[in-house]
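>>> Attaching a predicted model along with its sequence, questions to come.
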Amino acid sequence: MDPRLLRELADALSALGVEVVSRDETVVADGVPVELPLLQRAHPHPGVVAELVADQGSVALLVADRLSESARQVLRDAGWSWLDRRGHLRIWIPGLRIDAPIGLGSSDGRGSSNSPWTPVGLEIALHALINPGQEVSARRMAADTHRSPGEPRRSSTASRPKD
């Protein structure tokens, strides 16, 4: 089992105030071992989640960067647990029932964050890496990224608090 995923799960449980002990390849939450296979996906749409559930053959815990409500419903219907890195944990096993929002990272609880790695931010970074000799400017990147020249500037300030 991936130790990073175990650590993420333990951190999420701790953020909820749950007593956590990590033993070998298991996280114990309030005395209950969370013995679920841990799977990881970035942002699986409901169809991918349904295939994952069907292929797995048993309940598991899915760790994802973000899960839509539709994908969560597929997991809920299958009896699965999840950790949405935007700030939601659901563990549904005998002896432990948790379904709660959690404060992780810089998320504001609505699925947005102060991270520059929005889709536009990633496109800007990729463009800069692919074209190292080119100055990074909104107008120069607009045609290559298929964004309006103002969009890269707006994306970098959209999540900043108003003064």
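Nice, I can see it.
>>> contacts, neighbours, all on C-alpha from now
OK.
>>> just the helices in the protein please.
Assigned by DSSP state H, the chain shows helices spanning 3-15, 46-56, 69-78, 119-130, 138-145, 150-157.
>>> closest to Val28 out of those helices?
helix 3-15 (8.5 Å; CA to CA).
>>> could you dump that closest one to CSV, C-alpha only?
Output in CSV follows, covering the C-alpha atoms of helix 3-15 (Å, rounded to 0.1, in the frame of the first residue of the first chain):
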residue,chain,number,x,y,z
PRO,A,3,2.5,5.1,2.4
ARG,A,4,1.7,8.6,1.1
LEU,A,5,-2.0,7.7,0.7
LEU,A,6,-2.0,6.2,4.2
ARG,A,7,-0.4,9.4,5.5
GLU,A,8,-3.1,11.5,3.7
LEU,A,9,-5.8,9.4,5.2
ALA,A,10,-4.3,9.7,8.7
ASP,A,11,-4.0,13.5,8.3
ALA,A,12,-7.6,13.8,7.1
LEU,A,13,-8.8,11.8,10.1
SER,A,14,-6.7,13.9,12.4
ALA,A,15,-8.1,17.1,10.9
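>>> quick one: that helix to chain centroid distance?
Computed by CA atoms, centre = their mean, to the nearest Å, the chain-centroid distance of helix 3-15 equals 13 Å.
>>> Which strands or helices does that helix pack on?
strand 20-23, strand 26-29 (3 or more CA pairs under 8 Å, 6 or more residues apart in numbering; DSSP states H and E).
>>> from those strands, which stretch is densest packed?
strand 26-29 (a mean of 19; mean count of other CA atoms under 10 Å).
>>> any idea how far the residue nearest the centre of the chain is from Asp2?
Closest residue to the average C-alpha location of the chain: Asp65 at 1.8 Å, with CA atoms, centre = their mean. Distance of Asp65 to Asp2, computed by CA to CA, to the nearest Å: 16 Å.
>>> next one: Glu35
Taken as CA to CA, the span from Glu35 to Asp2 is 13 Å.
>>> got it, and Ala54?
Taking CA to CA as the measure, Ala54 falls 22 Å from Asp2.
>>> now Thr145
35 Å.
>>> repeat for Ala60
Ala60 is 14 Å from Asp2, by CA to CA.
>>> Now list whatever residues contact both of those two.
When contacts are counted by CA atoms under 8 Å, 6 or more residues apart in numbering, Ala60 and Asp2 are jointly contacted by Leu38.
>>> Which residue of the two possesses the greater neighbour count?
Ala60 (24 against 11; other CA atoms under 10 Å).
>>> Is it correct that the more buried one is in contact with Pro37?
Yes. Assessed by CA atoms under 8 Å, Ala60 is found in contact with Pro37 at 4.9 Å.
>>> Right, I'll call it a day here.
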